[in-house]
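Enquirer: 3D model of this:
(one chain, ligands or ions: 1)
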Amino acid sequence: MFLTKRFQDHLQTSYLGHDFHYYPITESTNSDAWNLVEEQFSNGMVVLAGHQKKGRGRHSAPWRSSPDSSLTFSIVYSISIPPEKLGLLSLLSGVSVVTAAKNFIETPMQLKWPNDIMARGKKAGGILVETRRKGSEYLIVVGMGLNVNERQEEMPKDLETIATSLFIESGVKIQREDFLAEILVKYEYYLNNLKQVIPQWNIFCTHYNDIITFHQGSEIIEGKFVGVNENGYAIIEQDGITRSYSGGRLL
Ligand code: BTN
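Expert: Numbers count the residues shown, from 1 in each chain. Purely as a prediction, here's the structure:
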């Protein structure tokens, strides 16, 4: 059960989340958001699900979540930004979650490029950014799936070694209404202060200077992760040469 009034009472943004839609059961909030956008675009709209039956993850994977324990929602906005900088919006999303979490739990959260939300080496949340062009601007739907109050027994057995929740790692039950309101406050702040996104992201990166392997299309790339550039691309050092990569799936 999500207490919409409590969320609205805690929401201290100038526009993000003011147009709020809550669906107790739906297929995917990202799909709902696009359907609502087609009817009428509303800048800063947020769509939250009590439960998603067909949650969509990155790379066409399904996204599974527990009803009433997780937060599964999408944020809609338009932005005028050069196309090469769109990746920044992924990083911004992760930064807004981990900085918001600091207000609720002491357990540090980290980020795995480009935007997996991590706690003690396991994934606690994921972000799916979808974009469409609208004239000189982009319409953005940012979907976030966060494992918040799940107990260990609620987590899918096959994901036991790689997935976790904020509760499992911190022992703290988080009031989801307050957490969502705080994430939106941070999100709006970083949208207004895009220059702060990269330095913040680097602070929370969990694999800085590590040798990492990732898929980009059919290619497997291995090298030392030495940070992200001004567009949010991964900078990888291979045999003394640095290259930047716009996307990929870290192993
Ligand atoms: C990932 O694969 O890491 C991204 C997962 C994103 C899941 C969220 S849940 C809310 C929103 N609606 C969806 O269908 N997907 C995103």
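Enquirer: Low-confidence stretches in the stretch 101-250 of the chain?
Expert: Counting by pLDDT under 70, not a single residue of the stretch 101-250 of the chain qualifies.
Enquirer: Please identify the buried residues of the longest strand anywhere in the chain?
Expert: For the chain, the strand that runs over the most residues, judged by DSSP state E, is strand 122-134. Neighbour-count burial for strand 122-134, with 16 or more other CB atoms under 10 Å as criterion, is recorded at 122, 123, 124, 125, 126, 127, 128, 129. From N, CA and C alone the C-beta is placed, and that goes for glycine too.
Enquirer: which one of these sits closest to the ligand?
Expert: residue 126 (2.0 Å; CB to the nearest ligand atom).
Enquirer: Go ahead and confirm that closest one touches residue 56.
Expert: No. Look at residue 126 against residue 56 with CB atoms under 8 Å: they stay out of range, at 10.2 Å.
Enquirer: Identify the contacts common to these two.
Expert: Contact criterion CB atoms under 8 Å, 6 or more residues apart in numbering; residues shared by residue 126 and residue 56: residue 63.
Enquirer: which ones are touching residue 215?
Expert: Counting by CB under 8 Å, 6+ apart, residue 215 touches 221, 248, 249, 251.
Enquirer: Tell me the one of these nearest residue 210?
Expert: Distance to residue 210, by CB to CB, is smallest for residue 251 among those, at 11.8 Å.
Enquirer: Could you check how far the closest residue to residue 109 other than its chain neighbours is from residue 224?
Expert: Nearest residue to residue 109, sequence neighbours excluded (CB to CB, 6 or more residues apart in numbering): residue 98, at 4.2 Å. Per CB to CB, to the nearest Å, residue 98 is found 23 Å from residue 224.
Enquirer: With neighbour numbers in mind, choose between these two.
Expert: residue 98 (23 against 15; other CB atoms under 10 Å).
Enquirer: which SS state does the more buried one fall under?
Expert: Under DSSP: H, G, I helix; E, B strand; the rest coil, the three-state class of residue 98 is helix.
Enquirer: same deal with residue 14?
Expert: Applying three-state DSSP: residue 14 is coil.
Enquirer: what's the neighbour count on it?
Expert: 9.
Enquirer: could you check the distance from it over to residue 112?
Expert: Distance, residue 14 to residue 112, using CB to CB: 31 Å.
Enquirer: Over to residue 124?
Expert: 11 Å.
Enquirer: Which is the succeeding secondary structure element to the longest strand of the chain?
Expert: As assigned by DSSP states H and E, the chain's next helix or strand after strand 122-134 is strand 137-146.
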